[in-house]
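1. make a model of this:
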Amino acid sequence: MDLVKEIQRLKKEKNAVILAHYYQVPEIQDIADYVGDSLGLSQKAAETDADMIVFAGVHFMAETAKILSPDKTVVLPDLNAGCSLADSCPPETFEKFTQAHPNHVVITYVNCSAEIKALSDIVCTSSNALKIVNSIPKEMPIIFAPDKNLGKYIINETGRDMLLWDGSCIVHEAFSMDKLIELHRKYPDHKIIAHPESETHILDTATYIGSTSGMINYVKKHQDHKFIVATEAGILHKMQQEVPNTELIPAPAKEDNTCACSECHFMKMNTLQKLYDCMLNESPQIEVDSEIIKRALLPIERMLELSK
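-> Numbers count the residues shown, from 1 in each chain. Now for the predicted structure:
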């Protein structure tokens, strides 16, 4: 069976749209209608006229699509495709945390569960985090969750004093400083670009810090340079397509693995076969409680409005 042809057939038959994150395997990125970062994917989920959204990403992303399009069928190829960062912020504990600081504006990074979004005043992504934080009046104290590394980066860039939740992404904390220094010695003319979920000591080495789409745009504008890329290695597929003649090297992880890079095993759970199966069976479907949808929609819409 030709999976690509069958997926294309099902897409037409079911009026489906395939949205994929940059960290998906190359064959899924290549068949997707749109490949992007969390902000772009949220925008596409909000504006699509498809009947079915096939979300090739992780669970919180598909949840966000369901919140934005509650009447549409939203399917995820593998329900076990979770997120270490989202898991680091349990709703019950976070609610107590926010209740202990009632005068704070609660800003949450999109990499969190629907329940956490429902406890938020506004959501952000790495693309718009600085803009969102700067939109809050200076006299208003802020809780920022769940990513402490992104939070520290924002504090450093804006000078705002924010109360940070102690969460992090295992993929972006996997980079080895020692191996990165060693790699840069070997390739001294390569510029380091990094995602702001990375730890401070990694960000301190970077020429450019930005979201996945920001990193791709930066490389496109500087095609005559060579780069070491400090984010999940899946981005290299789309990045290399955009700049075929630019040399790109993934930043090395602490553990010795086959790709000498940092990969998200949750993102890699989705396969072409699972994508086909979930479209064929319209399962597994993402369901979010209607009360949670109502409460989570407002902070997401605030973010989308500020991102126009």
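
2. outside of whichever helix in the chain runs longest, which residues touch it?
-> Criterion DSSP state H: the longest helix present in the chain is helix 290-306. Residues from elsewhere that reach helix 290-306 (C-beta atoms under 8 Å, 6 or more residues apart in numbering): 42-43, 46, 64, 66-68, 70, 108, 110, 114-115, 117-125, 128, 131-132, 135, 288. Just so you know, the C-beta spots here come from the backbone N, C-alpha and C atoms, and that holds for glycine as well.

3. same thing but at 6 Å, please
-> Applying C-beta atoms under 6 Å, 6 or more residues apart in numbering, the contact partners of helix 290-306 are 67, 70, 114, 117-118, 120-124, 135.

4. how about the strands in this protein?
-> Counting by DSSP state E, the chain has strands at residues 16-21, 34-36, 52-56, 73-75, 105-109, 122-124, 142-145, 162-164, 190-194, 208-209, 226-230, 248-250.

5. could I get those strands as TSV with mean neighbour count?
-> Output for the strands of the chain, formatted as TSV (neighbours: other C-beta atoms under 10 Å):
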stretch	mean neighbour count
strand 16-21	24
strand 34-36	21
strand 52-56	26
strand 73-75	22
strand 105-109	24
strand 122-124	26
strand 142-145	25
strand 162-164	18
strand 190-194	22
strand 208-209	19
strand 226-230	22
strand 248-250	19
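
6. output the below-cut-off pLDDT ranges for the chain.
-> Applying pLDDT under 70 to the chain flags the ranges 257-261.

7. ok, now how distant is the residue positioned nearest the centre of it from residue 72?
-> Compute the mean C-alpha point of the chain, and by C-alpha atoms, centre = their mean the closest residue is residue 38, 4.6 Å away. Distance of residue 38 to residue 72, given as C-beta to C-beta, to the nearest Å: 18 Å.

8. what's the answer for residue 97, then?
-> Distance, residue 97 to residue 72, by C-beta to C-beta: 33 Å.

9. pull the number of nearby residues for the residue lying closest to residue 164 once chain neighbours are set aside.
-> Closest residue to residue 164 apart from its sequence neighbours, by C-beta to C-beta, 6 or more residues apart in numbering: residue 151 at 4.1 Å. By the measure other C-beta atoms under 10 Å, the count of residues near residue 151 is 27.

10. OK, contacts around the residue lying closest to residue 166 once chain neighbours are set aside?
-> Distance criterion C-beta to C-beta, 6+ apart; nearest residue to residue 166, sequence neighbours excluded, is residue 148 at 5.6 Å. Contacts for residue 148 (C-beta under 6 Å, 6+ apart) come out as 164, 166, 168.
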